[in-house]
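>>> What follows is a protein structure lacking sequence information:
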């Protein structure tokens, strides 16, 4: 499983969120400030933590590979927590195989396997959450243990405000599990539980409180508040895929989860183990049902805290069912005496992952080639026009990132689409089309940029002869910059704006005229820096061989 994970890291395509996080980390490493200079709708702890590591690695086209491997230890932290939680639920002696299979099954489950290898905030957030749960149930609850668990959850809040769902899941599940098992059976007094709860909640607020205070003292409270709260709170942002009727799922189904937890408690003679099992089971039920019912924008990474806990129970059920079949006279029992049922499920998971087409495409090369081209084409001071920070190493000409919430805000008129104006103000001569753009911005790129490969576009246009004179070409320049007139089959000669054309020339916005004296059939004016660095329009036809 571990070897397969390492192979997948180098082969599975990069998600646009990975580049977005990396761009913000690059900004911190270069002295910019999150929220003020670069937009991000996540809490800043993840980006701040990785900025020094990025500074050590430097601007490399392979930076996303590097960072995936840097984050990889957190995957093993999550695996260890899964093992430890399962050990506490089943006991080491009675359920060692259930615990081992829980780790293997969740590791090979396709959705978890691929999502957990990406460089994203969620892959630090979820292991910290599992550490929090492991801390709280490892031994008898004390004030010190509550403080450590609360601090770990506070770090989760420092990474993502989605942690509010984790906090609610903990509080609700602990309360119901305590009621089902009984406070006296657990040997806990009301005053002790109140002290532990107060210590836990106080510790939870520590990390996000320090972060918020730091931005407020720096005079950036409004930017911090907008990016983390105002921007993300948008009703019906995912109405197409998350219908309103889902809201009834939680109140209808969660009572059945409570009833199942009650059965678990009755079937477990030891009070402490019964509480742990009911607690973890209710966390799973509350989290996934609340996510489905009330969460506005569902993403595959939102389930990362759920899978490890759920597979602890699934592995236990599979092993119990396997043992039941072994005792029966059915034909499959002969096989199950040697190989338990979870092994067959794990094998099926493995082949399902192998069957994923994207595993074989080696998709990460697309982003790596783009970054290599960006580093070659641009200087550190150049601006770029991209969707979410795909170019990583360069300043974006406008502030917002074009993801689901931003696009919905643009559609509703809650946010101004100023990408075109900012591109003109900053003389942005490079654009990248690897995601979704507003229609107006897309049109601007189509009209004023020419593809030069690797999803990269450069300021310029193809020239068209006038109807009256095939050698005369009138064209408009929108972005003021230095341009060259190029052809696929040799140097170009002629008169540009009444002066002999002798190479790169600064062209101001407005109309220009080129009269060709050479015999080139396909001409374009292109950003001179791109020409100097051996970039050419991809649509140029190859010259015909001479006979």
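Arrived safely. Note that the coordinates shown come from a computational prediction; the quantities given were computed from them, not determined experimentally.
>>> Run through who's touching stretch 35-51.
20-21, 23-25, 27-29, 32, 34, 67, 70, 121, 124-125, 155, 157-161, 207-208, 211, 215, 220, 223-224, 226-228, 231-232, 389, 396, 399-401, 403, 405 (C-beta atoms under 8 Å, 6 or more residues apart in numbering). No exception for glycine: its C-beta is placed from N, CA and C like everyone else's.
>>> what ranges do the strands span in this structure?
Taking DSSP state E, the strands of the chain run over residues 383-385, 395-396, 430-432, 449-453, 456-462, 472-477, 481-486, 494-496, 499-500, 505-507, 510-516, 524-527.
>>> Can I get those strands in JSON lines including mean pLDDT, mean neighbour count and distance to residue 170?
As requested, the strands of the chain are exported to JSON lines (pLDDT from 0 to 100; neighbours: other C-beta atoms under 10 Å; distance: least, C-beta to C-beta, whole Å):
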{"stretch": "strand 383-385", "mean pLDDT": "97", "mean neighbour count": "23", "distance to residue 170": "42"}
{"stretch": "strand 395-396", "mean pLDDT": "96", "mean neighbour count": "24", "distance to residue 170": "38"}
{"stretch": "strand 430-432", "mean pLDDT": "96", "mean neighbour count": "27", "distance to residue 170": "41"}
{"stretch": "strand 449-453", "mean pLDDT": "93", "mean neighbour count": "21", "distance to residue 170": "50"}
{"stretch": "strand 456-462", "mean pLDDT": "95", "mean neighbour count": "23", "distance to residue 170": "46"}
{"stretch": "strand 472-477", "mean pLDDT": "94", "mean neighbour count": "16", "distance to residue 170": "60"}
{"stretch": "strand 481-486", "mean pLDDT": "96", "mean neighbour count": "22", "distance to residue 170": "55"}
{"stretch": "strand 494-496", "mean pLDDT": "94", "mean neighbour count": "18", "distance to residue 170": "69"}
{"stretch": "strand 499-500", "mean pLDDT": "94", "mean neighbour count": "8", "distance to residue 170": "73"}
{"stretch": "strand 505-507", "mean pLDDT": "95", "mean neighbour count": "15", "distance to residue 170": "62"}
{"stretch": "strand 510-516", "mean pLDDT": "94", "mean neighbour count": "15", "distance to residue 170": "63"}
{"stretch": "strand 524-527", "mean pLDDT": "96", "mean neighbour count": "24", "distance to residue 170": "55"}
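>>> Just send those strands back as a markdown table, with distance to residue 9 too.
Converted to a markdown table, the strands of the chain look like this (distance: least, C-beta to C-beta, whole Å):
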| stretch | distance to residue 9 |
| --- | --- |
| strand 383-385 | 27 |
| strand 395-396 | 27 |
| strand 430-432 | 24 |
| strand 449-453 | 26 |
| strand 456-462 | 25 |
| strand 472-477 | 45 |
| strand 481-486 | 39 |
| strand 494-496 | 51 |
| strand 499-500 | 55 |
| strand 505-507 | 46 |
| strand 510-516 | 49 |
| strand 524-527 | 36 |
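>>> nearest to residue 138, of those?
Closest approach to residue 138 among these (C-beta to C-beta): strand 395-396, 45.0 Å.
>>> re earlier: with respect to residue 6, which of the strands of the chain lies nearest?
Once the strands of the chain are compared by C-beta to C-beta, strand 430-432 is nearest, at 29.3 Å.
>>> strand partners of the closest one, parallel vs antiparallel please.
Its sheet considered, strand 430-432 pairs with strand 383-385 (parallel), strand 456-462 (antiparallel) by DSSP bridges.
>>> ok now stretch 13-33, how far from the chain's centre?
Stretch 13-33 sits 11 Å away from the centroid of its parent chain (C-alpha atoms, centre = their mean, to the nearest Å).
>>> Just confirm residue 485 contacts residue 512, I think it does.
No: between residue 485 and residue 512 there is no contact under C-beta atoms under 8 Å: 10.1 Å.
>>> Overlap in contacts, these two.
Common neighbours of residue 485 and residue 512 (C-beta under 8 Å, 6+ apart) are residue 496.
>>> Student question: in this protein, what's the helix or strand with minimum average pLDDT?
The weakest-scoring helix or strand in the chain, judged by mean pLDDT, DSSP states H and E, is helix 333-336 (a mean of 58).
>>> who's in contact with the nearest residue to residue 532 once chain neighbours are set aside?
Counting by C-beta to C-beta, 6 or more residues apart in numbering, residue 532 lies nearest to residue 504, which is 7.8 Å off, once chain neighbours are set aside. Applying C-beta under 8 Å, 6+ apart, we find residue 504 in contact with 482-484, 528, 531-532.
>>> before we move on, what about residue 345?
Residues in contact with residue 345 (C-beta under 8 Å, 6+ apart) are 105, 318.
>>> how much space between it and residue 5?
According to C-beta to C-beta, to the nearest Å, residue 345 stands 18 Å off from residue 5.
>>> Residue 261 reaches residue 176, doesn't it?
Yes: counting by C-beta under 8 Å, residue 261 touches residue 176, with 6.9 Å between them.
>>> So these two - more neighbours on which side?
Ranked by neighbour count (other C-beta atoms under 10 Å), residue 261 and residue 176 place residue 261 first, with 23 against 20.
>>> Quick check: nearest residue in space to the more buried one, chain neighbours excluded?
In space, and not counting its chain neighbours, residue 261 is closest to residue 278: 4.2 Å by C-beta to C-beta, 6+ apart.
>>> gap between that neighbour and residue 379?
For residue 278, the distance to residue 379 - C-beta to C-beta - is 60 Å.
>>> ok, now residue 295?
Separation of residue 295 from residue 379 (C-beta to C-beta): 42 Å.
>>> So if I had to pick from those two, which one is more boxed in?
A direct count of neighbours by other C-beta under 10 Å for residue 295 and residue 379 places residue 295 higher, at 15 against 8.
>>> dump the residue contacts of the residue nearest to the more buried one when sequence neighbours are not counted.
Excluding its sequence neighbours, the residue lying closest to residue 295 (C-beta to C-beta, 6+ apart) is residue 302, at 6.8 Å. By C-beta under 8 Å, 6+ apart, the residues touching residue 302 are 122, 162, 291, 295.
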